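Engineer: Sequence first, then the predicted structure, then my questions.
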Amino acid sequence: MNASVKPIDSISAAADAVVGRAEARFDAHRQEILRSTDRMFAGLLVAQWIFAIVLALTVSPYAWQGKVKTVHVHVWAAILLGGAITCVPVALALLRPGAVLTRHVIAASQMFWSALLIHLTGGRIETHFHVFGSLAFIAFYRDWPVLLTGTVVIAADHFMRGILWPESVYGIANPEWWRFLEHAGWVVFIVIFLVLSCLRSYRDMRVMAERGAELEALSENQWRNSSVVDRAAAESAARRG
């Protein structure tokens with residue numbers, strides 16, 4: 001009875017070892033992706049800050065005041081507000097890379113940047129494409145809840161500014177009350193496909209981790225078996241000698 005139990009126990013232990021190894025490989029790969037994406041966003045946020053200052057100095061005066069170019073208050077918005085929504089996520093990306101809080105703060109900050117750039121250009125429709133680009137970048141995390149954070153932030157921004165200051169988001173003073181729903185609808189449309197992509201990528205990462213763990217276990221078993229055979233052959237040769 002004991003002899004029959006031992007093989008079962010050894011098989012179970014081997015299976016648990018493979019599962020544990022697969023989980024470790026998956027976690028290591030996922031952390032690598034999260035940390036590298038955090039670093040990417042740290043650089044992107046700083047670049048957007050610089051770009052916003054240049055935009056405020058060159059485009060914003062014309063976008064908001066016609067042909068008369070003046071030093072506009074939007075320059076200070078780009079410097080101060082842009083700095084506020086850049087410094088915190090960049091600090092988190094450097095000090096706490098890979099943390100859940102870090103990527104959610106970065107997602108929110110990236111969408112705030114979309115909102116600020118839309119404002120600096122006077123609600124130009126072309127700048128609204130920055131929202132979709134930002135969502136695509138956020139999908140690099142392969143973590144679908146982060147996309148929800150970005151979606152909520154940009155939808156809330158369009159809703160609030162649509163009520164309080166519609167010209168800064170739509171470029172006109174009296175848009176239809178349901179205009180934010182149209183924008184939010186297109187964002188949700190894109191996010192659905194990005195979420196599906198994240199889920200598929202998540203599954204693929206798990207499959208890769210499991211296959212890698214199985215291959216490692218198989219290689220180790222082959223090595224052990226070959227070592228046992230080599231030792232047995234050596235002992236046999238020694239006895240014959």
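Structural biologist: In hand now; what should we look at?
Engineer: Could you use CA atoms for every contact and neighbour count after this?
Structural biologist: Will do.
Engineer: Residue 87 and residue 79, how far apart?
Structural biologist: Distance of residue 87 to residue 79, computed by C-alpha to C-alpha, to the nearest Å: 11 Å.
Engineer: and if you look at residue 169?
Structural biologist: Counting by C-alpha to C-alpha - residue 169 and residue 79 are separated by 19 Å.
Engineer: In terms of neighbours, single out the busier of these two.
Structural biologist: More neighbours surround residue 169 than the other of residue 169 and residue 79, with 29 against 16 (other C-alpha atoms under 10 Å).
Engineer: for the helix or strand harbouring the more buried one, packing partners?
Structural biologist: Following DSSP states H and E, one finds residue 169 within helix 167-170. Judged by 3 or more C-alpha pairs under 8 Å, 6 or more residues apart in numbering; DSSP states H and E, helix 167-170 is in contact with helix 100-120, helix 144-164.
Engineer: Need these in JSON lines (columns: mean pLDDT).
Structural biologist: Listed next are the helices and strands packed on helix 167-170 as JSON lines, based on pLDDT from 0 to 100:
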{"stretch": "helix 100-120", "mean pLDDT": "94"}
{"stretch": "helix 144-164", "mean pLDDT": "92"}
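Engineer: spatially speaking, which residue is in the middle of this protein?
Structural biologist: residue 141 (2.5 Å; C-alpha atoms, centre = their mean).
Engineer: Quick check: the gap between the nearest residue to it once chain neighbours are set aside and residue 96.
Structural biologist: Closest residue in space to residue 141, ignoring its immediate chain neighbours: residue 34 at 5.7 Å, by C-alpha to C-alpha, 6 or more residues apart in numbering. Residue 34 sits 11 Å away from residue 96, going by C-alpha to C-alpha.
Engineer: Those two: which has the busier surroundings?
Structural biologist: Using other C-alpha under 10 Å as the criterion, residue 34 and residue 96 rank with residue 34 on top: 23 against 16.
Engineer: Who are the packing partners of the helix or strand where that one lies?
Structural biologist: Under the criterion of DSSP H and E, residue 34 resides in helix 2-58. Counting contacts by 3+ C-alpha pairs under 8 Å, 6+ apart, helix 2-58 packs against helix 73-76, helix 82-95, helix 100-120, helix 179-240.
Engineer: switch to 6 Å and redo it
Structural biologist: helix 82-95, helix 179-240 (3 or more C-alpha pairs under 6 Å, 6 or more residues apart in numbering; DSSP states H and E).
Engineer: Worst mean pLDDT among those?
Structural biologist: The weakest mean pLDDT among those belongs to helix 179-240, with a mean of 76.
Engineer: Just send the helices and strands packed on helix 167-170 back as a markdown table, with distance to residue 39 and mean neighbour count too.
Structural biologist: Shown next, in a markdown table, are the helices and strands packed on helix 167-170 (distance: least, C-alpha to C-alpha, whole Å; neighbours: other C-alpha atoms under 10 Å):
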| stretch | distance to residue 39 | mean neighbour count |
| --- | --- | --- |
| helix 100-120 | 11 | 23 |
| helix 144-164 | 16 | 19 |
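Engineer: Using JSON lines, lay out these together with distance to residue 38.
Structural biologist: As requested, the helices and strands packed on helix 167-170 are exported to JSON lines (distance: least, C-alpha to C-alpha, whole Å):
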{"stretch": "helix 100-120", "distance to residue 38": "7"}
{"stretch": "helix 144-164", "distance to residue 38": "12"}
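Engineer: mind checking which of these is nearest residue 202?
Structural biologist: Nearest to residue 202 among the helices and strands packed on helix 167-170 is helix 144-164; the distance by C-alpha to C-alpha comes to 9.6 Å.
Engineer: Please state the offset of the closest one from the chain centre?
Structural biologist: Here helix 144-164 is found 17 Å from its chain centre; the criterion is C-alpha atoms, centre = their mean, to the nearest Å.
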